[in-house]
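A.B. asks: Quick one, structure for this:
(one chain, ligands or ions: 1)
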Amino acid sequence: MFSGIKGPGESQKLDGSVLRVAIVHARWNATLIEPLVAGATSRLKALGVLPANIVITSVPGSWELPVAVQRLYAASQVQGATSGISGGGDLLGSATDLPSLAISGTGETGSSGDGSLLGATKASAGKKEGAFDAIIAIGVLIKGETMHFEHIAESVSRGLMRVQLDFGVPVVFGLLTVLDEDQAKKRAGLTEGGHNHGEDWGDAAVEMAVKRRQWG
Ligand code: DLZ
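C.D. replies: This next block holds a predicted model:
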């Protein structure tokens with residue numbers, strides 16, 4: 001039944017087709033963030049989450065992740081409560097493909113698509129409204145010479161846990177807290193023998209979202 005030492009073991013064969021999932025990512029260390037977001041997104045899709053129901057947005061750095069997750073989830077709850085009366089409306093675009101990120105700064109991630117009417121129709125196929133079933137928070141903190149890393153790592157971890165428990169919604173901890181860039185590259189699947197942790201975060205989001213629905 002159980003195998004392996006590290007990692008969550010075999011991916012559970014769960015059906016994500018009923019889910020709506022948000023990814024919020026920092027833009028610091030974008031070359032590492034990009035494969036992690038791509039890894040998470042590809043697993044969400046592989047487990048059946050429709051592209052129209054994957055919402056991706058960004059914040060400047062990891063420090064901003066907790067409040068972004070909190071507001072995004074709260075707004076999606078309001079939207080769920082009012083849809084049907086006002087028609088709701090999306091908070092942000094949905095993601096069909098991972099938009100390109102800037103290398104070191106402020107590249108924005110949001111809705112994507114080919115811009116055509118056909119693209120828009122395809123992108124909205126099966127689109128759901130309402131509260132997110134899970135949110136994945138992604139950031140990469142690399143230790144520097146000062147105590148900055150410790151403060152942010154601790155606060156962001158606590159902040160994300162707080163949002164998760166306050167709202168009772170799964171907030172997947174996609175924060176890499178590494179000592180150097182090589183450690184981060186390995187965990188973003190960019191180096192030999194590495195593994196893209198973003199894939200695990202996509203799996204965790206679907207598993208927790210499905211189980212949360214079962215648990216009520
Ligand atoms: C300022 C800063 C530094 C030095 N390092 C990182 C980092 O490694 N990873 C990250 O996501 N963000 C970093 N930031 C930015 C802060 O998270 C935050 O965006 C700014 O302090 C503004 O609040």
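
A.B. asks: Look up the closest residue to the residue in the chain positioned nearest to the ligand, ignoring the ones flanking it.
C.D. replies: Closest to the ligand within the chain is residue 61: 2.2 Å, counting by CB to the nearest ligand atom. Quick note: C-beta positions are derived from backbone N, CA and C, even for glycine. Residue nearest to residue 61 in three dimensions, not counting chain neighbours: residue 28, with 4.5 Å by CB to CB, 6 or more residues apart in numbering.

A.B. asks: what kind of secondary structure is the one you found in?
C.D. replies: coil (DSSP: H, G, I helix; E, B strand; the rest coil).

A.B. asks: got the contact list for it?
C.D. replies: 60, 61, 62, 139, 140 (CB atoms under 8 Å, 6 or more residues apart in numbering).

A.B. asks: just checking, next helix/strand downstream of the least confident helix or strand in the chain by mean pLDDT?
C.D. replies: Scoring the helices and strands of the chain by mean pLDDT, DSSP states H and E places helix 117-124 at the bottom, with a mean of 59. Under the assignment DSSP states H and E, the closest C-terminal helix or strand after helix 117-124 is strand 134-142.

A.B. asks: Averaged pLDDT, that following strand. What do you get?
C.D. replies: Computed over strand 134-142, the mean pLDDT rounds to 98.

A.B. asks: Could you give the separation of it from the chain centroid?
C.D. replies: Offset of strand 134-142 from its chain centre (CA atoms, centre = their mean, to the nearest Å): 7 Å.

A.B. asks: Which secondary structure elements does the helix or strand following it sit against?
C.D. replies: Later in the chain than strand 134-142, the nearest helix or strand by DSSP H and E is helix 148-167. If you count contacts as 3 or more CB pairs under 8 Å, 6 or more residues apart in numbering; DSSP states H and E, helix 148-167 packs onto helix 65-82, strand 134-142, strand 171-178.

A.B. asks: quick one, the last one and strand 134-142 angle?
C.D. replies: If I follow you right, that is strand 171-178. Note on geometry: by axes from the mean of the first three to the mean of the last three CA atoms, to 10 degrees, strand 171-178 and strand 134-142 are set 10 degrees apart in direction.

A.B. asks: what's next to the helix or strand that strand 171-178 is followed by, contact-wise?
C.D. replies: Under the assignment DSSP H and E, the closest C-terminal helix or strand after strand 171-178 is helix 181-187. Helix 181-187 has contacts (CB under 8 Å, 6+ apart) with 29, 32, 140, 142, 176, 178, 191, 193, 194, 195, 196, 197.

A.B. asks: All good on my end, thank you.
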